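Colleague: missing the sequence, but the structure's below:
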């Protein structure tokens, strides 16, 4: 669809029709210019209204056309806005619901603007690593004033139409409609009232100055650089708005365009655009159609009231769903309840949650010691100890009491979901829902699809993830699924680096400088080093040939499990989370090297980063090849939302694409020659080798 053209007496109405948000795709742009031409040619038409069908005026560029030739085909958005400005008759933008990006730029090109209350107005391009590209940085300061406009452009955050309409001296809206329902009638009336006004008013002719000029822009630049250190776009937003105050309009437009095109080619913008698309793609499962029927989820049960169970319960309480929590002992329930209360109370104290909302959420929570009380739950999630025997007891009990059609989910982080499903008579209802700790904060949800998991179960869980504000990524069944299977290789490399001459602090600092939220050793201390120890003990039995550094086991034998014991790879002071380098750990590593007869060498930060990051990439290539993940961008989403991978690099797979897969493979071949590393692991995964040889990319 594109744009509809209708004549109401002496006013022509052009309606954008490109659901869901009337993106300004090629057909839509063409429709607007054809409508303008028809209205200009019709003597009976005295004025023109542009509006949007459905739930938006326009959300801006059409993301379906990103990176395709259609995105650049004429008329491009700049040409459409020029055609609007040059219309023979007044053009009124009737704005409602959503007016963002190119949609707002189109409205700014119109001669008059009327807005419905409750409309979200924004120039969000900075969130894709760009500046607005069709005059937003030049026109918005002319109608809102420099400071209000720069604030909107540099943050990309939406502001409600009634807030903008109330700004002193604003010229963005000529009128605020009484209600969304009356917008169409009021827009026609406005169009008729200005039909004879000449010359037609243009935003480009308005003055644009800031009384403090250079001083203000200097201050704005410092503010923006402090907040966006890895991203060039916010600084360019300041430069573009400054150009609006210092250059003639056409010159300012050329400056904005140059910034837009240059930013489009930066790795940071590529990363942000990739994330934007990847987040939307993650919810699409190749063999599960969009219209797959979903099961109704009205009541949730959580088994286990520990840290994980409590955090999982909070997600559903926050979304307004009743939760029943089950434990074996009353004191465990009491502890779990107290933790949930404490979490909510700290949010209330910080002003992040209203007291009445807190009461509403707690009222949705009930507890029980009896499995029979879970008979009405539509979804049951177990968060019990990570041991197959324990899971078996839980799922056999659930199989007896859960109603037909209830979804039975396991929060396992590594165990075989097919084995867990086989403990029941209804494997089609069993799915993995792997939350990340703390479960009420972390965005990632790995949805683990068993061999027999029903398509309707998957569709239901993916929709529910959206409702509880999680980024859900589907994984097949394998040890550790996507995230933990990859992190194991990363941790193995971190261990080898210690044996070869690095310290925990040096390794952590190198990857944190690269942009990770936390290095592997600080991460281990936060999660608890005993968790990795338990996994390794299992590995020694299952995969006796797999090579590990002994340093992590020696650390655990010293009782240094991390922050919870006040000592791990680092020392910690009571009540503080600051990681203090530990002499005891350095001594332990040195003694271990001596025992192995290894002479330590100086290791460059580059080598540390490459070995850690490329180990993720190689394991991920195996995961893709095996069909555990359906696309490379899903793996990026797992690492960006669950493991603190730097946003400005777009995830491990996009980073590998950016470096060039040929270069990644060359580095891996170098690492394979290191006798202290694992040569077998560094053989490039067949998929990686193929793509590199063909000059292709993962994404």
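Modeller: Noted; the coordinates are in hand. This structure is a prediction, so every number in the text was calculated from the model and none was measured.

Colleague: Any regions of this structure where pLDDT drops low?
Modeller: 1 (pLDDT under 70).

Colleague: And it, what are its domain boundaries?
Modeller: Using automatic domain parsing, the domain parsing of the chain gives 3-264, 300-475, 483-693.

Colleague: Just give me how far stretch 89-101 sits from the chain centre.
Modeller: On the basis of CA atoms, centre = their mean, to the nearest Å, stretch 89-101 sits 29 Å off its chain's mean C-alpha point.

Colleague: do you know which of the domains of the chain lies nearest residue 270?
Modeller: Smallest distance to residue 270 across those (CB to CB): 6.7 Å, for domain 483-693. Every residue, glycine included, has its C-beta placed from N, CA and C.

Colleague: just to revisit the earlier point, could you redo the domains of the chain as JSON lines and give each row mean neighbour count?
Modeller: JSON lines is the format used below for those (neighbours: other CB atoms under 10 Å):
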{"stretch": "domain 3-264", "mean neighbour count": "19"}
{"stretch": "domain 300-475", "mean neighbour count": "19"}
{"stretch": "domain 483-693", "mean neighbour count": "19"}
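
Colleague: In CSV: those, plus distance to residue 291.
Modeller: Below are those laid out as CSV (distance: least, CB to CB, whole Å):
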stretch, distance to residue 291
domain 3-264, 16
domain 300-475, 9
domain 483-693, 19
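
Colleague: Which one of those domains lies nearest to residue 278?
Modeller: With CB to CB as the measure, domain 483-693 is the member of those nearest residue 278 (3.6 Å).

Colleague: Just the terminal-to-terminal distance for the closest one.
Modeller: End-to-end distance for domain 483-693, by CA to CA, to the nearest Å: 27 Å.

Colleague: Same check on stretch 410-426?
Modeller: First-to-last residue span, stretch 410-426, CA to CA: 14 Å.

Colleague: cool, stretch 534-550 as well?
Modeller: This stretch, stretch 534-550, spans 14 Å end to end (CA to CA).

Colleague: what distance separates that stretch from the middle of the whole chain?
Modeller: Distance of stretch 534-550 from its chain centroid, counting by CA atoms, centre = their mean, is 34 Å.

Colleague: Renumber starting at 14 from here on
Modeller: Sure thing, new numbering starts at 14, so read that last one as stretch 547-563.

Colleague: Was I right to think residue 252 contacts residue 273?
Modeller: No. Residue 252 lies out of contact with residue 273 (CB atoms under 8 Å); the separation is 11.8 Å.

Colleague: Over to residue 27. Which of the three states is it?
Modeller: strand (DSSP: H, G, I helix; E, B strand; the rest coil).

Colleague: if I pick the spatially closest residue to it that is not a sequence neighbour, what's in contact with it?
Modeller: Distances taken as CB to CB, 6 or more residues apart in numbering put residue 48 closest to residue 27, at 3.8 Å, once the chain neighbours are dropped. Going by CB atoms under 8 Å, 6 or more residues apart in numbering, residue 48 touches 16, 18, 25, 27, 61.

Colleague: same thing with residue 618?
Modeller: With CB under 8 Å, 6+ apart, residue 618 has these contacts: 519, 522-523, 526.

Colleague: how about 10 Å then?
Modeller: Residue 618 is in contact with 515, 519-520, 522-524, 526-527, counting by CB atoms under 10 Å, 6 or more residues apart in numbering.

Colleague: Columns secondary structure on top of these, output as TSV?
Modeller: Below are these laid out as TSV (three-state DSSP):
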residue	secondary structure
515	coil
519	helix
520	helix
522	helix
523	helix
524	helix
526	helix
527	helix
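
Colleague: closest to residue 94 among those residues?
Modeller: residue 527 (41.1 Å).

Colleague: Nearest spatial neighbour of that closest one, chain-adjacent residues omitted?
Modeller: Nearest residue to residue 527, sequence neighbours excluded (CB to CB, 6+ apart): residue 622, at 4.8 Å.

Colleague: So residue 64: helix, strand or coil?
Modeller: Following three-state DSSP, the label given to residue 64 is strand.

Colleague: where's stretch 52-65 relative to the chain centroid, distance-wise?
Modeller: For stretch 52-65 - counting by CA atoms, centre = their mean - the centre lies 42 Å from the chain centre.

Colleague: again with stretch 470-479
Modeller: With CA atoms, centre = their mean, you get 17 Å for stretch 470-479.

Colleague: what's the answer for stretch 472-490, then?
Modeller: Relative to its parent chain, stretch 472-490 has a centroid offset of 13 Å by CA atoms, centre = their mean.

Colleague: do the same with stretch 76-89
Modeller: Distance of stretch 76-89 from its chain centroid, counting by CA atoms, centre = their mean, is 24 Å.

Colleague: for stretch 268-279, same thing?
Modeller: Distance of stretch 268-279 from its chain centroid, counting by CA atoms, centre = their mean, is 24 Å.

Colleague: Also stretch 128-143?
Modeller: Here stretch 128-143 is found 18 Å from its chain centre; the criterion is CA atoms, centre = their mean.

Colleague: what does stretch 364-375 give?
Modeller: So, by CA atoms, centre = their mean, the centroid of stretch 364-375 is 26 Å from its chain's centroid.

Colleague: Tell me which stretches of the stretch 514-663 of the chain form strands.
Modeller: Remark: strands assigned in the stretch 514-663 of the chain by DSSP state E, counting those that start in this stretch are 583-584, 593-594.

Colleague: by contact count, what packs against the first one?
Modeller: This means strand 583-584. Applying 3 or more CB pairs under 10 Å, 6 or more residues apart in numbering; DSSP states H and E, one finds that strand 583-584 makes contact with helix 517-527, helix 533-540, strand 593-594, helix 596-609.

Colleague: Now distance to residue 678 too, for these, in JSON lines please.
Modeller: Compiled in JSON lines, the helices and strands packed on strand 583-584 are given as follows (distance: least, CB to CB, whole Å):
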{"stretch": "helix 517-527", "distance to residue 678": "20"}
{"stretch": "helix 533-540", "distance to residue 678": "23"}
{"stretch": "strand 593-594", "distance to residue 678": "35"}
{"stretch": "helix 596-609", "distance to residue 678": "29"}
